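Colleague: My questions concern the predicted model and sequence given below.
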Amino acid sequence: MASSTTPLSDQVQRFLFDDTAVRGELVQLHQSYQEVLIRHNYPPAIEKLLGELLAAVALLTATVKLEGTLTLEARGKGEVSLLMAECNTGEQGGDQLRAIARYQGEPTGQTLTELLQGGQLVITLDPYEGNRYQGIVALDQDTLTACLEGYFASSEQLPTRLWLAADSKGAGGLLLQRLPDDARNKDPDAWVRIGHLAATITTEELLHLEQHDLLHRLFHEEALRIFEPNTLKFGCTCSRQRIANALASLGEEELNEALKEQGKLTTECHFCNTSYIFTKDDLPELLNEAIVTPPPNARLH
């Protein structure tokens with residue numbers, strides 16, 4: 001076990017098994033996950049689900065090698081109405097993660113089913129270049145892991161297995177994927193065997209054991225090839241410029257009316273809680289901005 005005095009990195013680690021059709025990803029989140037939690041006073045059950053969602057979005061982004069933004073958005077009709085996590089790639093210093101939850105009162109449920117009471121999980125891939133893609137997953141299982149595995153199984157994607165976990169200190173995930181068979185696969189039994197090995201992982205190991213030590217513990221008898229890890233960090237895409245663009249879409253008449261009633265316009269980012277204030281003196285700036293659709297992560301007071 002890694003020493004408690006040794007901070008574990010926030011990163012996703014790619015690996016594959018030589019001469020097989022199996023590859024994998026391993027992610028651990030500590031500081032980025034804590035950055036999400038310190039901005040909101042979430043109950044423990046919601047913290048856990050958000051941590052698993054963050055780990056899942058990091059794994060899926062790495063798996064599809066997306067250059068853009070990948071969003072996991074779970075919407076339900078229960079005590080929790082929204083769980084959302086995003087990964088934005090290509091940022092200096094590492095890919096950026098963020099997450100939010102919306103709920104009423106003090107939730108009494110513990111599982112995904114109890115908290116959201118059904119609903120759906122929308123997977124959105126928004127590349128910097130190319131077409132936007134969305135997939136929809138029914139939230140009809142008790143765990144996010146089971147829902148995502150069901151999605152891969154039913155949508156004719158590559159066979160995929162997932163392990164997700166989170167506690168108050170960290171979040172983590174392990175993904176295995178079976179690639180199409182070709183001449184390089186000299187071990188047809190590898191998928192089943194490696195899956196059994198991965199299933200021995202414990203929550204404590206997934207969250208708090210250093211990644212190379214964990215991979216060695218699980219797969220030391222396999223021909224494992226490990227690649228350079230990809231760094232992850234908390235980050236938000238909000239900015240004064242983007243908020244100004246969004247407010248401009250309201251039009252001059254509505255902006256003037258709002259400023260007359262309130263004296264100022266204040267927007268707050270759902271993800272990072274940063275506030276942006278605009279007064280009457282800023283009206284020319286707002287009206288000169290391009291008319292765009294308001295971003296979904298800002299609210300107007």
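Modeller: Here it is on my side, so go on. Numbers count the residues shown, from 1 in each chain.
Colleague: Only C-alpha atoms from now on, for both contacts and neighbour counts.
Modeller: Noted.
Colleague: can you give me the offset of stretch 74-88 from its chain's centre?
Modeller: 11 Å (C-alpha atoms, centre = their mean, to the nearest Å).
Colleague: How far does that stretch stretch from one end to the other?
Modeller: One end of stretch 74-88 sits 18 Å from the other (C-alpha to C-alpha, to the nearest Å).
Colleague: With stretch 26-43 instead?
Modeller: The straight-line separation of the ends of stretch 26-43 (C-alpha to C-alpha) is 26 Å.
Colleague: Give the rounded mean pLDDT of it.
Modeller: For stretch 26-43, mean pLDDT rounds to 93.
Colleague: Residue ranges in this protein under the pLDDT threshold?
Modeller: Applying pLDDT under 70 to the chain flags the ranges 1-7, 91-93, 236-239, 268-270, 272-273, 289-301.
Colleague: Domain ranges for it, per the record?
Modeller: According to automatic domain parsing, the chain comprises the domains 11-234, 240-300.
Colleague: Just put those domains in JSON lines and tack on mean neighbour count.
Modeller: Listed next are the domains of the chain as JSON lines, based on neighbours: other C-alpha atoms under 10 Å:
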{"stretch": "domain 11-234", "mean neighbour count": "18"}
{"stretch": "domain 240-300", "mean neighbour count": "16"}
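Colleague: where exactly do the helices run in the stretch 151-300 of the chain?
Modeller: Remark: helices assigned in the stretch 151-300 of the chain by DSSP state H, counting those that start in this stretch are 190-198, 203-208, 211-219, 240-248, 252-262, 283-287.
Colleague: so which of these comes closest to residue 18?
Modeller: Among these, the nearest to residue 18 by C-alpha to C-alpha is helix 190-198 (10.2 Å).
Colleague: gap between that closest one and the chain center?
Modeller: 26 Å.
Colleague: For that helix, C-alpha coordinates in CSV please.
Modeller: The C-alpha atoms that make up helix 190-198 are tabulated as CSV, following Å, rounded to 0.1, in the frame of the first residue of the first chain:
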residue,chain,number,x,y,z
ALA,A,190,-7.1,-13.8,-22.3
TRP,A,191,-10.4,-11.9,-22.1
VAL,A,192,-11.9,-14.3,-19.6
ARG,A,193,-8.8,-14.9,-17.6
ILE,A,194,-7.8,-11.2,-17.3
GLY,A,195,-11.4,-10.4,-16.3
HIS,A,196,-11.2,-12.8,-13.5
LEU,A,197,-7.9,-11.3,-12.3
ALA,A,198,-9.4,-7.8,-12.4
